[in-house]
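> below: sequence and its predicted model.
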Amino acid sequence: MSNLVEVKVPDIGDFNDVEVIEVLVAPGDTIKEEQSLITVESDKASMEIPSTAAGKVKSVKVNVGDKVKEGSLILELEAAEQGAASAPAAKPADDVRATQATAPAAASAAPAASAAPAASAAPAAASVPAAASRSVVVEVPDIGDFPEVEIIEVLVAEGDTVAVDQSLITVESDKASMEVPSSHAGVVTAIKVRVGDKVSKGSPLIEVKTSGEPVATASAASQAASASEASDTNNSASLASGASTATAVAAPDQARPAGEPPVRPSPTEAYGNDRPLNKLPHASPSVRKFARELGVDLTRVGGSGPKGRIVIDDVRGFVKQALAGGSAATSSASGSGFSVIDWPKVDFAKFGPIESRPLSRIKKLSGANLSRNWVMIPHVTNNDLADITDLEALRVQLNKENEKSGVKVTMLAFLIKACVAALKKFPEFNASLEGDNLILKQYYHIGFAADTPNGLVVPVIRDADKKGIFDIAAETSELAKQARDGKLSPAQMQGGCFSISSLGGIGGTSFTPIINAPEVAILGVSRSSHQPVWDGSAFQPRLMLPLSLSYDHRVIDGASAARFNAYLGSLLADFRRIAL
């Protein structure tokens with residue numbers, strides 16, 4: 001007897017219509033409760049959706065690429081009825097859960113004489129003396145410049161024994177993901193967070209009972225009772241079979257040294273027999289997403305985390321080895337003929353005094369992305385000059401007239417507005433490449449590089465087409481201040497369509513900015529200078545602004561780039577064209 005159960009997407013927080021990127025089960029699979037079924041991904045995070053019931057998969061209702069939300073049907077499950085386990089003719093099931101369910105049923109049917117030893121054994125197991133213990137709430141430690149990050153994995157459950165520095169949760173921002181370790185060892189008595197929650201320094205994670213003695217639980221008592229029943233020669237055959245199976249399942253945990261975390265199989269392993277699914281690496285969803293963005297095959301990456309788990313640094317190290325020409329490193333970019341000699345190892349101290357200074361967090365996080373973008377995107381840069389003599393005069397006049405408003409109009413505000421007009425005229429620049437498809441965007445979010453003491457970040461002006469010059473000037477000023485103070489939120493650096501990197505306040509005549517993938521172009525702006533320009537009869541001093549447009553040659557050809565830059569220059573030369 002079995003009944004059909006519909007397994008649906010549970011409450012997954014603020015995610016609505018997220019894309020399915022992996023289907024982890026197939027019709028005919030026998031799955032357990034809490035086993036992962038699908039992996040979904042939004043623009044902020046990836047997560048695995050677990051099953052709310054156990055049984056045999058009858059049909060899968062979603063495919064890779066589908067959009068799902070809370071309540072969407074994932075699959076139909078044939079779940080065994082609870083009464084079936086206690087039927088007289090029931091045989092010991094192969095499944096661990098079915099076997100454990102059979103043992104108590106058989107115990108209830110056993111003679112009183114054989115049940116008595118088990119009954120006397122149960123209290124003994126339940127009355128294991130606990131040493132002096134105390135409850136401790138483990139909080140999020142200092143995690144750097146991330147004021148509020150999202151939890152994408154909870155790695156422990158109530159009843160688990162955790163060790164100091166064992167990972168408890170995985171959190172993810174738009175630039176990094178990290179596992180948060182425990183500051184105390186003990187038995188988890190309460191979980192204070194769940195997937196989708198936002199946490200920051202000081203947020204409570206779990207409550208643990210710190211004790212040197214094992215903590216008896218109801219499941220431990222039942223396992224002890226089953227073991228006693230199995231040793232009794234008067235037990236029935238079905239009881240002995242069920243109890244021995246339950247004892248075999250409990251044996252690994254009983255043999256595990258105190259304080260060592262319980263062995264938990266990877267949520268993407270051992271779901272199938274010969275299917276490719278059981279070859280998936282032991283890595284969190286955020287790590288797999290990171291590897292996909294870099295084009296890294298995780299089956300070739302060694303894991304340095306607990307139980308061989310692949311962490312972000314393993315992927316970064318793999319990419320660095322590939323870029324250095326390491327023989328063991330291979331990614332989806334291999335086969336392109338890219339190979340360099342090994343990175344030189346030099347003892348710099350033998351030549352003179354040195355100082356070793358670690359890279360800032362921003363530089364470490366952006367390094368892999370910059371390397372990927374430079375290697376994977378065929379960059380070409382078009383250089384041109386824009387006459388901004390009249391525009392600079394307008395900017396000075398506006399600042400004089402609006403001196404009391406406190407808003408200072410910068411050249412960047414004009415550049416953003418002009419770029420929006422150019423993107424409307426050349427829509428392939430306001431796009432992203434996704435496989436063989438070009439995604440043309442109908443919105444205009446412009447990012448600009450902001451210099452901070454720790455490195456460059458790129459805040460985004462959203463819907464720049466709907467804002468005036470003064471609005472853009474005020475917003476860029478505020479975002480730049482937040483960037484310098486390290487207070488930018490992940491949302492303020494996401495969703496950009498086109499970026500501007502301005503070095504005008506520093507110097508230079510031209511440069512090649514690296515494209516900020518998945519965008520297809522970026523504008524570099526250098527310092528303006530007065531130059532003699534021929535007007536047909538004489539040379540006139542004009543203020544000229546160097547423009548360096550880097551573009552993805554897979555999407556944009558040289559002629560289109562030259563037209564874009566020329567059109568942008570004409571807008572800056574006569575800003576009245578913006579209104580046309």
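Yes, it's here.
> could you use CA atoms for every contact and neighbour count after this?
Will do.
> which stretches in the stretch 251-400 of the chain count as strands?
Using DSSP state E, counting those that start in this stretch, the strands found in the stretch 251-400 of the chain span residues 379-387.
> where in it is pLDDT low?
For the stretch 251-400 of the chain, applying pLDDT under 70 flags the ranges 251-280, 285-286, 306-307, 323-341.
> could you redo the last one with a cut-off of 90?
Judged by pLDDT under 90, the stretch 251-400 of the chain has its weakly predicted residues at 251-345, 357-372, 375-376.
> can you pull out the helices in it?
For the stretch 251-400 of the chain, applying DSSP state H, counting those that start in this stretch gives helices covering 285-294, 312-323, 361-376, 389-401.
> and the chain, by the same measure?
With DSSP state H as the criterion, the chain has helices at 96-109, 112-126, 218-231, 237-255, 285-294, 312-323, 361-376, 389-401, 411-425, 469-484, 558-573.
> before we move on, back to that, can you redo the helices of the stretch 251-400 of the chain as JSON lines with mean neighbour count and distance to Val20?
As requested, those are arranged in JSON lines below (neighbours: other C-alpha atoms under 10 Å; distance: least, C-alpha to C-alpha, whole Å):
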{"stretch": "helix 285-294", "mean neighbour count": "20", "distance to Val20": "12"}
{"stretch": "helix 312-323", "mean neighbour count": "20", "distance to Val20": "22"}
{"stretch": "helix 361-376", "mean neighbour count": "15", "distance to Val20": "24"}
{"stretch": "helix 389-401", "mean neighbour count": "14", "distance to Val20": "49"}
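> right, so of those helices, which gets closest to Ser537?
helix 389-401 (18.7 Å; C-alpha to C-alpha).
> output the closest one in PDB with nothing but the alpha carbons.
Taking C-alpha atoms only, helix 389-401 is exported to PDB below (Å, rounded to 0.1, in the frame of the first residue of the first chain):
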ATOM      1  CA  THR A 389      34.900  72.800 -24.000                       C
ATOM      2  CA  ASP A 390      31.200  73.900 -24.000                       C
ATOM      3  CA  LEU A 391      30.200  71.100 -21.600                       C
ATOM      4  CA  GLU A 392      32.800  72.100 -19.000                       C
ATOM      5  CA  ALA A 393      31.600  75.700 -19.300                       C
ATOM      6  CA  LEU A 394      28.000  74.500 -18.600                       C
ATOM      7  CA  ARG A 395      29.100  72.400 -15.700                       C
ATOM      8  CA  VAL A 396      30.900  75.400 -14.100                       C
ATOM      9  CA  GLN A 397      27.900  77.700 -14.700                       C
ATOM     10  CA  LEU A 398      25.500  75.100 -13.100                       C
ATOM     11  CA  ASN A 399      27.600  74.800 -10.000                       C
ATOM     12  CA  LYS A 400      27.700  78.600  -9.600                       C
ATOM     13  CA  GLU A 401      24.000  78.900 -10.000                       C
END
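> now for it, which elements pack on it?
Packed against helix 389-401 by the contact rule (3 or more C-alpha pairs under 8 Å, 6 or more residues apart in numbering; DSSP states H and E) you find strand 539-552, helix 558-573.
> rewinding a little: any chance of TSV for the helices of the stretch 251-400 of the chain, columns distance to Val68?
Shown next, in TSV, are the helices of the stretch 251-400 of the chain (distance: least, C-alpha to C-alpha, whole Å):
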stretch	distance to Val68
helix 285-294	17
helix 312-323	27
helix 361-376	29
helix 389-401	49
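> of all those helices, which one is nearest Ala464?
helix 389-401 (18.6 Å).
> now the closest one against helix 558-573, angle please.
With axes from the mean of the first three to the mean of the last three C-alpha atoms, to 10 degrees defining the directions, helix 389-401 sits at 40 degrees from helix 558-573.
> helix 389-401: how far from the chain's middle?
Here helix 389-401 is found 45 Å from its chain centre; the criterion is C-alpha atoms, centre = their mean, to the nearest Å.
> cool, and stretch 564-571?
Its chain's average C-alpha position is 38 Å from that of stretch 564-571, according to C-alpha atoms, centre = their mean.
> before we move on, the earlier item: what's the closest of the helices of the stretch 251-400 of the chain to Pro353?
Closest to Pro353 of these is helix 361-376 (C-alpha to C-alpha; 24.5 Å).
> tell me what the closest one is packed against?
So helix 361-376, by 3+ C-alpha pairs under 8 Å, 6+ apart, packs with helix 312-323, strand 455-457.
> how close does Ser529 get to Asp384?
13 Å (C-alpha to C-alpha, to the nearest Å).
> which residues are in contact with both of these two?
In the contact map built from C-alpha atoms under 8 Å, 6 or more residues apart in numbering, no residue is linked to both Ser529 and Asp384.
> can you give me the first-to-last residue distance of stretch 369-384?
By C-alpha to C-alpha, one end of stretch 369-384 lies 27 Å from the other end.
> not counting it itself, show me its contacts.
Contacts of stretch 369-384 (C-alpha under 8 Å, 6+ apart): 294, 333, 510, 512, 514-517, 546-554, 558, 561-562, 565-566, 569.
> cool, stretch 527-539 as well?
503-509, 540-546.
> please apply the same query to stretch 69-83.
With contact meaning C-alpha under 8 Å, 6+ apart, stretch 69-83 is reached by 1-12, 15-18, 53-62.
> give the buried residues for that stretch.
Buried residues in stretch 69-83, defined by neighbour count with 16 or more other C-alpha atoms under 10 Å: 69-70, 72-80.
> same question, stretch 379-391
Under 16+ other C-alpha under 10 Å, the buried positions of stretch 379-391 are 379-389, 391.
> cool, stretch 553-565 as well?
Buried-residue list, stretch 553-565, by 16+ other C-alpha under 10 Å: 553, 555, 561-562, 564-565.
> related to what we said a few turns ago, I'd like to know which of the contacts of stretch 69-83 are buried.
5-9, 12, 15, 18, 53-60, 62.
> ok, now which ones touch Lys58?
Here Lys58 is in contact with 27-28, 75-78 (criterion: C-alpha under 8 Å, 6+ apart).
> and of these, the nearest to Arg577?
Nearest member of the contacts of Lys58 to Arg577, counting by C-alpha to C-alpha, is Leu75, at 56.3 Å.
> mind putting the buried residues of stretch 379-391 in JSON lines, distance to Asp485 included?
Shown next, in JSON lines, are the buried residues of stretch 379-391 (distance: C-alpha to C-alpha, whole Å):
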{"residue": "His379", "distance to Asp485": "32"}
{"residue": "Val380", "distance to Asp485": "34"}
{"residue": "Thr381", "distance to Asp485": "32"}
{"residue": "Asn382", "distance to Asp485": "34"}
{"residue": "Asn383", "distance to Asp485": "33"}
{"residue": "Asp384", "distance to Asp485": "34"}
{"residue": "Leu385", "distance to Asp485": "34"}
{"residue": "Ala386", "distance to Asp485": "33"}
{"residue": "Asp387", "distance to Asp485": "34"}
{"residue": "Ile388", "distance to Asp485": "32"}
{"residue": "Thr389", "distance to Asp485": "34"}
{"residue": "Leu391", "distance to Asp485": "31"}
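> what's the neighbour count on Ser200?
Ser200: 18 surrounding residues under other C-alpha atoms under 10 Å.
> ok, now which ones touch it?
Counting by C-alpha under 8 Å, 6+ apart, Ser200 touches 140, 143, 146-149.
> what do you get for Lys320?
Counted by C-alpha under 8 Å, 6+ apart, Lys320 has contacts Ala368.
> what about Lys408, distance to Pro344?
The gap separating Lys408 from Pro344 is 48 Å, by C-alpha to C-alpha.
> that older thread, lowest pLDDT pick from the contacts of Ser200?
Lowest in pLDDT among the contacts of Ser200 is Phe146, which has 65.
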